[in-house]
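>>> quick one, structure for this:
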Amino acid sequence: MNATRAEQVFLQLQAAIIRGELEPGSKVSEQELADTYGISRGPLREALNRLEGQKLLVRMPHVGARVVSLSLRELEELYDVRAQLEGMACRLAAENMTQADIDGLYAVLKVHEQDPQFQAGKSYYEQDGDYDFHHRIIVASGNQTLKTMLCDELYQLVRMYRIRFSSAPKRPVQALQEHYRIVDALAAKDGELAELLMRRHIQASKQNMASHFKNEASIEEQV
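The predicted structure is shown next:
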């Protein structure tokens, strides 16, 4: 029962952090969480340890656990790492993907295109796993080290910031167009072009993030 409850609380807290319901930098009180979720300290700590492993929580001496809050420089470094590693994943995926894999990617983009939030111009579709365009390509690369780094260690942290900055005007439509061009390159088995397009795509996302980040900081200064 404890293991099941710990898993449930882990998933609830993970979703709350990724969606911004638990704000970046906010303090995490074990007692408050235990009371809120009706869970004992043991399984709660297990859930918190897993969140720390996903880099969604950080523990600070004499302060305790807080929701991660990356600086602009840290975010830019994260996007630079993603650009290089996901570019490599694209190149490898071009060599390994079957026609069924390619068809699956096009189908995922159709789902993204039909999402009500996307249709309304509010945000890009943000489900994880098989419905995540980036996740599918990384898995298709066949490189277990890349998969561990990008789908296990950094995945939820990246999702947290992708969701936060996905609502910038025009960016959702641009991102979808960039995704389609990447799949076209994968379908053509052009690994070099797929790698280049993925790197450009993530660099464009980085520029959008930096602009959004600076706007948020400017608004906070005015308040």
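>>> contact partners of the helix or strand of the chain with the lowest mean pLDDT?
When the helices and strands of the chain are compared on mean pLDDT, DSSP states H and E, helix 116-119 comes out lowest with a mean of 81. For helix 116-119, contacts defined as CB atoms under 8 Å, 6 or more residues apart in numbering pick out H112, S123, Y124, Y125, P172, L176. In this view, the C-beta of every residue, glycine as well, is placed from N, C-alpha and C.
>>> name the residues of it that are buried.
Using 16 or more other CB atoms under 10 Å as the test for burial, helix 116-119 gives F118.
>>> likewise stretch 153-164?
Across stretch 153-164, burial judged by 16+ other CB under 10 Å covers L154, Y155, Q156, L157, V158, R159, M160, Y161, R162, R164.
>>> report pLDDT for the closest residue to N96 other than its chain neighbours.
Closest residue to N96 apart from its sequence neighbours, by CB to CB, 6 or more residues apart in numbering: G142 at 4.9 Å. Looking at G142, its pLDDT is 95.
>>> any stretches of the chain with poor pLDDT?
Along the chain, the model assigns pLDDT under 70 to residues 1-3, 125, 129, 167-169, 216-223.
>>> which parts of it are helices?
Per DSSP state H, the chain carries helices over the ranges 2-18, 30-37, 41-53, 72-96, 99-114, 116-119, 133-140, 144-147, 155-164, 171-187, 191-222.
>>> for the fifth one, which positions count as buried?
For helix 99-114, burial by neighbour count (16+ other CB under 10 Å) applies to D101, I102, G104, L105, V108, L109, H112.
>>> packing partners of it?
helix 133-140, helix 171-187 (3 or more CB pairs under 8 Å, 6 or more residues apart in numbering; DSSP states H and E).
>>> please identify the deepest-packed of these.
Of all the helices and strands packed on helix 99-114, helix 133-140 has the most neighbours on average by mean count of other CB atoms under 10 Å, namely a mean of 22.
>>> what is the orientation angle of that one with helix 155-164?
Calculated by axes from the mean of the first three to the mean of the last three CA atoms, to 10 degrees, helix 133-140 forms an angle of 150 degrees with helix 155-164.
>>> identify the residues contacting helix 133-140?
86, 89-90, 92-93, 96-97, 101, 104-105, 108-109, 112, 128-130, 146-147, 150-151, 155, 179, 182, 186, 198.
>>> returning to that earlier point: so which of the helices and strands packed on helix 99-114 is nearest Q207?
helix 171-187 (9.7 Å; CB to CB).
>>> next, the angle from the closest one to helix 133-140.
Here the directions of helix 171-187 and helix 133-140 differ by 20 degrees (the same axes, to 10 degrees).
>>> going forward, the N-terminal residue is numbered 24.
That works, and once the first residue is 24, the last one we named lands at helix 194-210.
>>> hmm, who's touching helix 194-210?
With contact meaning CB under 8 Å, 6+ apart, helix 194-210 is reached by 113, 116-117, 120, 125, 128-129, 132, 135-136, 141, 144-147, 156, 160, 188-189, 216-217, 220-221, 223-224, 227-228, 231.
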